[in-house]
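In: Quick one, fold the following:
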Amino acid sequence: MAKSLNPSAASHCPFIGLRDDSSTFSSYPSTGNHCFHCRHSTVPLLAHQEAYCLGGKHADCPVYRQTENKPFPPQFRAGKGHRAARSGSTGRLLIIFIVFFFLGSVGFIFFRKFVAPPLMISLQTVPTAIQPSATIIPPTHSPTPTSTSTNTPTTTPEIYASTMGSGTYTSSRYPTGNGVLSLRFDDGVTRDYSFTYPQLTARSLVAGFAVIRDWINTAKSLTLAQLQIMQTAGMEIMCHSYSHRSDPTGLSEFTIETAIAVKEMRMMGLNIDSWVQPGTWTGDYFTMMHSGTTFFGTPEDNIMRNYFKAWEGYRSNTDRVLPITGDNRYGAQHYTGDGMSLVALKVLVDSCITNQKGLEILFHSNNIGAVGKISEADFTSFLDYVQTKVTAGTLTVLTPTQQLFAVPFTK
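Out: You can find the predicted model right below:
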């Protein structure tokens, strides 16, 4: 990637960016950040990101100082490269851990099947917020044609009511002829609550906040109490995976990042209808579509259909035709507003209104006001612009899942 910038002119490295959007980066160490100075974009170690990529010392970074397009040094690489550099003793410990984990799993299954009585959950006595099913066993369906798609599997909503969420965000409307805008803020950082949330409520706007399960109640992330306050005020809370890791390596990891994550969040008392894919996922996981990809009809597909009303990914439907139906609710795309100018954001809104289409714009609260990103002043001016269009009666603002299910009505 040909990219140059005076090292002293910015507090972050000019070669750091997200895998699918090199102009945008996470302002804190993350597996979503990639280095584009090397031959293939690579995730640096989190400690390396903190010291060099994001710490204002990128001019001293060994990777930055080497010739462009060389291989990324394995000692600074997160993930597989990092694991390969570990000592042999660590590998032996890992093998021992896997053996004990396997033996423990076999013992647990034997106990549940032959010793322990079955776990029963009554949906009449358990509050709605903690009604996920006791086990995660994706049902097996044969794809059955429907009126909206020639190969969309059918489900039985009554059976999976306890796993699908409350449906809080699936009943919404918009006036015929209006454009429909949804705003989304990813990762669930503390600035969502301290900065973004007050700016929205001051203008009577709603939005979706995609939260990572494992980050709740941790440093620099939202607390459960804050999430509940925001949801009570009309904001949508969405599941943004369990750990925001890279691609799952199998069905078990996929289940943790999707079904387990949302089950635990619902048991905390959060109403969650939708899942938001991390930008670090690739391949068929990157589109998360139904028909048209090999993701359709897989066990992973069954899990998604039976634990979520809808989910968002990276399929090619950035400009959404209203009303949204069928497969278009699975893998819905968005625009990323972090690196856009105020003028460009206004153009998107105007086009949404003129063409009477759906539009979703994603922001990361930690990037608002960061070097090279939209300023706080421009962001608040953008919200003011949206508010004027809502007041004029030409634009409707809904949460992301509300937009996916909204139906038009005559003014």
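
In: In terms of secondary structure, what does the longest strand anywhere in the chain contact?
Out: When the chain is parsed with DSSP state E, its longest strand is strand 179-187. Under the contact criterion of 3 or more Cβ pairs under 8 Å, 6 or more residues apart in numbering; DSSP states H and E, strand 179-187 touches strand 208-211, helix 342-354, strand 358-363, strand 395-397, helix 400-405. For glycine as for every other residue, the C-beta is placed from the backbone atoms N, C-alpha and C.

In: deepest of those, which one?
Out: Greatest average neighbour count among the helices and strands packed on strand 179-187 goes to strand 208-211 (a mean of 28), per mean count of other Cβ atoms under 10 Å.

In: Look up which residues are beta-bridged to the residue nearest to residue 335 when sequence neighbours are not counted.
Out: With sequence-adjacent residues excluded and distances taken as Cβ to Cβ, 6 or more residues apart in numbering, residue 335 is closest to residue 361, at 5.0 Å. Taking DSSP bridges, one obtains residue 183, residue 335 as the residues bridged to residue 361.

In: coming back round to it: could I get the average pLDDT for the next helix or strand after the longest strand of the chain?
Out: Downstream of strand 179-187, the next assigned helix or strand under DSSP states H and E is helix 190-191. The average pLDDT for helix 190-191 rounds to 98.

In: And the pLDDT at the residue nearest to residue 335?
Out: Model confidence at residue 361 (pLDDT) stands at 97.

In: The one 4 residues further on too?
Out: The predicted local confidence for residue 365 comes out at a pLDDT of 98.

In: Pull the contacting residues for it.
Out: Residues in contact with residue 365 (Cβ atoms under 8 Å, 6 or more residues apart in numbering) are 185, 187, 189, 191-192, 195-196.

In: from the residues you listed, which two are the most distant?
Out: Longest distance between any two of the contacts of residue 365 is 13.6 Å, between 187 and 195; criterion Cβ to Cβ.

In: Looking at the two, which one has more neighbours?
Out: Between residue 187 and residue 195, counting by other Cβ atoms under 10 Å, residue 187 is the more crowded of the two (25 against 17).

In: For residue 260, see how far away that one is.
Out: 19 Å (Cβ to Cβ, to the nearest Å).

In: Please identify the helix or strand for residue 226.
Out: Per DSSP H and E: helix 224-232 holds residue 226.

In: Now do that helix: which elements does it pack against?
Out: For helix 224-232, the packing partners by 3+ Cβ pairs under 8 Å, 6+ apart come out as strand 208-211, strand 236-239.

In: any residues touching the first one, and which ones?
Out: It refers to strand 208-211. Strand 208-211 has contacts (Cβ under 8 Å, 6+ apart) with 182-188, 192, 222, 227, 230, 235-240, 265, 274, 276, 399-401.

In: related to what we said a few turns ago, export the helices and strands packed on strand 179-187 to CSV and tack on distance to residue 296?
Out: What follows is the helices and strands packed on strand 179-187, written out as CSV (distance: least, Cβ to Cβ, whole Å):
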stretch, distance to residue 296
strand 208-211, 24
helix 342-354, 29
strand 358-363, 23
strand 395-397, 31
helix 400-405, 18
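
In: For residue 311, which of those is the nearest?
Out: Evaluated over the helices and strands packed on strand 179-187, closeness to residue 311 peaks at helix 400-405, with 9.4 Å, by Cβ to Cβ.

In: Flag every buried residue along the following helix or strand past the closest one.
Out: Later in the chain than helix 400-405, the nearest helix or strand by DSSP H and E is strand 407-409. The neighbour-count check on strand 407-409 (16 or more other Cβ atoms under 10 Å) flags residue 408 as buried.

In: average pLDDT across the helix or strand containing residue 102?
Out: Secondary structure from DSSP H and E places residue 102 in helix 88-114. Taken as a whole, helix 88-114 has an average pLDDT of 62.

In: try stretch 226-237
Out: 96.

In: Can you get me the start-to-end distance on that stretch?
Out: Distance between the two ends of stretch 226-237: 11 Å, counting by Cα to Cα, to the nearest Å.

In: do the same with stretch 47-57
Out: Terminal residues of stretch 47-57 lie 13 Å apart, using Cα to Cα.

In: re the thing from before, could you dump the contacts of residue 365 to JSON lines with distance to residue 33?
Out: Formatted as JSON lines, the contacts of residue 365 follow (distance: Cβ to Cβ, whole Å):
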{"residue": "185", "distance to residue 33": "18"}
{"residue": "187", "distance to residue 33": "12"}
{"residue": "189", "distance to residue 33": "15"}
{"residue": "191", "distance to residue 33": "17"}
{"residue": "192", "distance to residue 33": "19"}
{"residue": "195", "distance to residue 33": "21"}
{"residue": "196", "distance to residue 33": "21"}
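
In: returning to that earlier point: mind checking how far the longest strand of the chain is from the chain centre?
Out: 12 Å (Cα atoms, centre = their mean, to the nearest Å).

In: Sort out which of the contacts of strand 208-211 are buried, if you could.
Out: 182-188, 192, 222, 227, 230, 235-240, 265, 274, 276, 399-401.

In: ok, residue 335 - how many residues close by?
Out: Look at residue 335: counted by other Cβ under 10 Å, it has 14 neighbours.

In: hang on, it packs against residue 348?
Out: Yes: applying Cβ atoms under 8 Å, one finds residue 335 in contact with residue 348, separated by 6.3 Å.

In: care to break this protein down by domain?
Out: Following the assignment in automatic domain parsing, the chain carries domains at 7-84, 173-409.

In: which residues touch residue 379?
Out: 199, 363, 368-369.

In: Report pLDDT for residue 46.
Out: Looking at residue 46, the pLDDT reads 82.

In: Contacts only, for it.
Out: By Cβ under 8 Å, 6+ apart, the contact list for residue 46 reads 29-31, 78.

In: Could you check how far residue 318 is from residue 221?
Out: To residue 221, residue 318 is 28 Å away according to Cβ to Cβ.

In: Look at the two and report which has more neighbours.
Out: Taking other Cβ under 10 Å, residue 318 and residue 221 do not tie; residue 221 has more neighbours (19 against 15).

In: ok, the more buried one touching residue 188?
Out: Yes: under the criterion of Cβ under 8 Å, residue 221 makes contact with residue 188 at 5.5 Å.

In: Are there residues contacting both of the two? Which ones?
Out: With Cβ under 8 Å, 6+ apart, residue 221 and residue 188 have common neighbours 212, 215.
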